[in-house]
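In: Just need the structure, nothing else, for what follows:
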Amino acid sequence: MKKGPAIDPIVIQIVEGTLASVEAEVEAAIERTSRSPMIREARDFRAGIHDRRCRKLTGRSYSALVQPIVRDFPPATMRPGDVFFHNDVYGSEGGIGHLPDLCVTVPVFADGLVVAFVQAFGHHDDIGGAVPGSMPSHATSAYQEGLIVPPVRIYQAGVPNDDLIKVLVRNSRLPDSLRGDLDSEVAACRMGAERLGDLFHRYGREQVEACFDAILERTTETFRRELLSKIPDGTYVWEDYAEHDGVDPPRLHTQRMTLTKRDDRLIIDFAGTSPQAKGPINHAGDYADGVFLKKWLAPILRNLADSPERMAELDVNEGVVPLIELRFPPPGTLLTPVFPAPTNARTFVLLRQLGILAGVIAKAVGGRMPADQETIRYTGFHGVDADGQFYLMREVLGGGSGGRYYADGSDTIHVVPDSKNLPVEFTETRFPLIVERLALATDSGGAGARRGGLGYLKEFRVLRESAFLCVADRAILSCWGLRGGKAGAPFRVTIDPGGPNEHVLPGLVDDEPVPAGTLVRVETTGGGGWGDPLDREPELVALDALEGKISARAAREDYGVVLAGADGACPADGAPRVDSAATRALRDRLRAARGRRPFFDRGPGYRTLAGVDHAEVDFVDARGAD
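Out: As a prediction, this is how the structure comes out:
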């Protein structure tokens, strides 16, 4: 630990607890007072606390960066009451992924000096651009995606910049929601800054900052000792893909990762990543030494913890940054796009990086990582309601998480902590829609000794003529299964299912016309399975069938389990029973018929785009598979 004032361990706990409570209080205030459904109902927003050196101190979730603010407004020029705002992807040092993510930053003062920052950013309903929601799936330029705002001082010494706010609000199709959200976030961050100011006043700047150092150093040491030590020294390679960019026909957009572990550090090299896409799936990650990406990727390492309980205790703050070195390819790739390359669907790259890191570590540790998941996509409707007012209903629907060596995947989870789908009652009250069905999608989870989690099945009846929008990956390529587990079911949207106009939409859609009275079915991805499905306990397969998570057909074909009944159907009492003798015989036949199996199963969609079933990197040697 650095030399400085003697630190009372109790004070460290008080400071750490205060940081966590302030972050939670800021988020609670935003949830209670914001206007837009994406913020208030779906909770697609985050708060963060950073010290004067721009280091993130809180670890409950990810947040944006303070670096662009101090770059353009040196702390010595800041005054109490100042509030800063930005959403410029290419001017955010990697902290903002697409223009609907608006970021508010408030400095904290003690003894007349800036000592910390409170920040909130979230996905807002609309910031202009070519389509409602500011996420045009066929965009070829950032200028089509909405209003671009570099770091600006939106309040100066407590006085709002009304002219600037007027410009922001005027560019939104939902001005009242945008203005309400801004007021909410500014007020919440100011409240958080007051709470932190009280902490500095109580304990003094020197002692509080020493506690900050101790908190981050403890994270560094914990990750090094408990997690990185589980990865054998060596070099490991894996890759995964985005399937379409909204402009060119579907194809494999490669994202390659070479992981080297040595000297208690990780070196991640992205060489081999495809050129930047014409469409909006790029992510501008090569800024500020990749500090945002380091903190974004680090939660994957928690899967190496000794137990799930220990995993949940590990926070990700700036302390992880010294443990990871990122090596970016030259400008002009999916991870290093050149302005004005569009980025509104950057989740196709940003989320995929989480799975690629999990996959490459799985090769290093014999598969003791989760199978794949894809737990964010945007779907919704827009049109004119019965009062003649424009409306935009949009939600972030999760999906099933990957099976793990110790447990099945979770059903319908969301990658944004505490986020959720829009409640049925809210949707039907606010918009001309009826949610006729909200359920788990049967058979969506990848088969495995530990099954993948299930995705959503959600059906909407459209009451007035409208347009459907969607920004979703994994409509062709499934979430991969691991170590013998099978891939999950892909994303799928069906218009008029079972009707005369039935058709399936691609994953990227801006304004698909939907006549009044039409049913729209949305099925989200299931997580990949972990381990050989033929090793799953037959009793668990029977229970899955009883609960409707799998069909009798899947029990037989994927798991080799024969359920009592003439054709695998459940007996009259509704409790499926396993035919043990028939199950043993069927599993023996299925095992005997199999050839060499890859470490990763990508599902049938991979052949559609690649012409083969597996990539070369999907196989591991005997050491990696054990």
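
In: Would you confirm that Ala610 contacts Leu252?
Out: Yes. In this structure, Ala610 is within contact of Leu252 by C-beta atoms under 8 Å, at 6.1 Å. (C-beta placed from N, C-alpha, C; glycine too.)

In: So these two - more neighbours on which side?
Out: Leu252 (18 against 15; other C-beta atoms under 10 Å).

In: Arg474 versus the more buried one, what's the distance?
Out: In this view, Leu252 and Arg474 are 13 Å apart by C-beta to C-beta, to the nearest Å.

In: Identify the contacts common to these two.
Out: Both Leu252 and Arg474 are contacted by Glu243, under the criterion C-beta atoms under 8 Å, 6 or more residues apart in numbering.

In: secondary structure element for Ala362?
Out: Element membership for Ala362, per DSSP states H and E: helix 347-364.

In: which helices and strands sit right next to that helix?
Out: For helix 347-364, the packing partners by 3 or more C-beta pairs under 8 Å, 6 or more residues apart in numbering; DSSP states H and E come out as strand 234-242, strand 253-262, helix 291-297.

In: ok, then the element right after that helix?
Out: Per DSSP H and E, the helix or strand that comes after helix 347-364 is strand 378-384.

In: ok, then the element right after that following strand?
Out: Strand 378-384 is succeeded, C-terminally, by strand 390-396 (DSSP H and E).

In: follow-up on the earlier one: tabulate the helices and strands packed on helix 347-364 in JSON lines, adding columns for mean neighbour count and distance to Ser36.
Out: Listed next are the helices and strands packed on helix 347-364 as JSON lines, based on neighbours: other C-beta atoms under 10 Å; distance: least, C-beta to C-beta, whole Å:
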{"stretch": "strand 234-242", "mean neighbour count": "20", "distance to Ser36": "28"}
{"stretch": "strand 253-262", "mean neighbour count": "20", "distance to Ser36": "31"}
{"stretch": "helix 291-297", "mean neighbour count": "23", "distance to Ser36": "24"}
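
In: Which among these is found nearest to Glu428?
Out: Closest approach to Glu428 among the helices and strands packed on helix 347-364 (C-beta to C-beta): strand 234-242, 34.1 Å.

In: Okay, now the sheet partners of that closest one, with direction.
Out: strand 253-262 (antiparallel) (DSSP bridges).

In: So what's the gap between the strand it pairs with and the chain middle?
Out: Relative to the mean C-alpha coordinate of its chain, strand 253-262 is positioned 20 Å out (C-alpha atoms, centre = their mean, to the nearest Å).

In: Next, the contact list for Gly59, please.
Out: Contact analysis of Gly59 by C-beta under 8 Å, 6+ apart lists 219, 315-317.

In: pLDDT score for Ala572?
Out: For Ala572, the model assigns a pLDDT of 56.

In: what about the strands in the stretch 151-300 of the chain?
Out: 152-156, 159-160, 234-242, 253-262, 265-269 (DSSP state E, counting those that start in this stretch).

In: Tell me which strands the shortest one pairs with, and in which orientation.
Out: Looking at strand 159-160 with DSSP bridges, its partner strands are strand 152-156 (antiparallel).

In: domains of the chain?
Out: As assigned by automatic domain parsing, the chain contains the domains 9-222, 370-533.

In: winner for burial among those?
Out: domain 370-533 (a mean of 22; mean count of other C-beta atoms under 10 Å).

In: average pLDDT for it?
Out: 96.

In: Run the chain-centre distance for it.
Out: 15 Å.

In: Which residues does stretch 170-181 contact?
Out: Contacts for stretch 170-181 (C-beta under 8 Å, 6+ apart): 33-36, 39, 102, 122, 124-128, 132, 146-147, 165, 168-169, 390, 392.

In: Could you tell me the end-to-end distance of that stretch?
Out: Start-to-end span of stretch 170-181 (C-alpha to C-alpha, to the nearest Å) is 14 Å.

In: if you average pLDDT over it, what comes out?
Out: The model assigns stretch 170-181 a mean pLDDT of 97.

In: Same check on stretch 50-58?
Out: 96.

In: swap in stretch 264-274?
Out: Mean predicted confidence for stretch 264-274 is 97.

In: export that stretch as PDB, just CAs?
Out: What follows is stretch 264-274, C-alpha atoms only, in PDB (Å, rounded to 0.1, in the frame of the first residue of the first chain):
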ATOM      1  CA  ASP A 264       0.000 -12.300 -13.200                       C
ATOM      2  CA  ARG A 265      -1.400 -10.200 -16.100                       C
ATOM      3  CA  LEU A 266      -3.600 -10.700 -19.100                       C
ATOM      4  CA  ILE A 267      -2.700  -9.400 -22.500                       C
ATOM      5  CA  ILE A 268      -5.700  -9.300 -24.900                       C
ATOM      6  CA  ASP A 269      -4.900  -8.800 -28.600                       C
ATOM      7  CA  PHE A 270      -7.700  -8.100 -31.000                       C
ATOM      8  CA  ALA A 271      -5.700  -8.700 -34.200                       C
ATOM      9  CA  GLY A 272      -7.800 -10.500 -36.800                       C
ATOM     10  CA  THR A 273     -10.900  -8.500 -36.100                       C
ATOM     11  CA  SER A 274     -12.800  -7.700 -39.300                       C
END
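
In: Could you number the chain from 308 rather than 1 from now on?
Out: From this message on, residue numbering opens at 308, which makes the last subject stretch 571-581.

In: Buried ones in that stretch, by neighbour count?
Out: 573, 575-577, 580-581 (16 or more other C-beta atoms under 10 Å).

In: per-residue confidence averaged over stretch 885-900?
Out: 97.

In: who's in contact with the most centrally placed residue in the chain?
Out: Central residue of the chain (C-alpha atoms, centre = their mean): Val722, 3.9 Å from the mean position. Residues near Val722 by C-beta under 8 Å, 6+ apart: 658, 661, 682-683, 705.

In: With Asp571 instead?
Out: Per C-beta under 8 Å, 6+ apart, neighbours of Asp571: 531, 535-536, 630.

In: Identify the farthest-apart pair in the residues you listed.
Out: Most distant of the contacts of Asp571, by C-beta to C-beta, are Ser536 and Leu630, 11.4 Å apart.

In: quick one: which of these two has more around it?
Out: Between Ser536 and Leu630, Leu630 has the larger neighbour count (other C-beta under 10 Å), namely 19 against 12.

In: Was I right to think the more buried one contacts Phe530?
Out: Yes. With contact defined as C-beta under 8 Å, Leu630 and Phe530 form a contacting pair (5.8 Å).

In: which neighbours do these two share?
Out: Ala605.

In: Quick one: closest of the domains of the chain to Ala595.
Out: domain 316-529 (4.1 Å).

In: And the closest one, how far out from the chain middle?
Out: Using C-alpha atoms, centre = their mean, the offset of domain 316-529 from its chain centre is 19 Å.

In: Spit out the contact partners of the residue nearest to Asp725 when sequence neighbours are not counted.
Out: Excluding its sequence neighbours, the residue lying closest to Asp725 (C-beta to C-beta, 6 or more residues apart in numbering) is Arg350, at 5.3 Å. Residues counted as contacts of Arg350 (C-beta under 8 Å, 6+ apart) are 338, 723, 725-727.

In: Pull the contacting residues for the closest residue in space to Leu573 that isn't next to it in sequence.
Out: In this structure, Leu573 finds its nearest non-sequential neighbour in Ile631, 5.1 Å apart by C-beta to C-beta, 6+ apart. If a contact means C-beta under 8 Å, 6+ apart, then Ile631 has 572-573, 575, 601, 604-605 as its contacts.

In: State the distance from Ile631 to Leu608.
Out: Counting by C-beta to C-beta - Ile631 and Leu608 are separated by 9 Å.

In: In terms of secondary structure, what does the host helix or strand of Glu735 contact?
Out: Using DSSP H and E, Glu735 maps to helix 731-737. Helix 731-737 sits against strand 697-703, strand 740-747, with contacts defined as 3+ C-beta pairs under 8 Å, 6+ apart.

In: Kindly recompute the last result at 10 Å.
Out: helix 344-347, strand 697-703, strand 740-747, strand 763-769 (3 or more C-beta pairs under 10 Å, 6 or more residues apart in numbering; DSSP states H and E).
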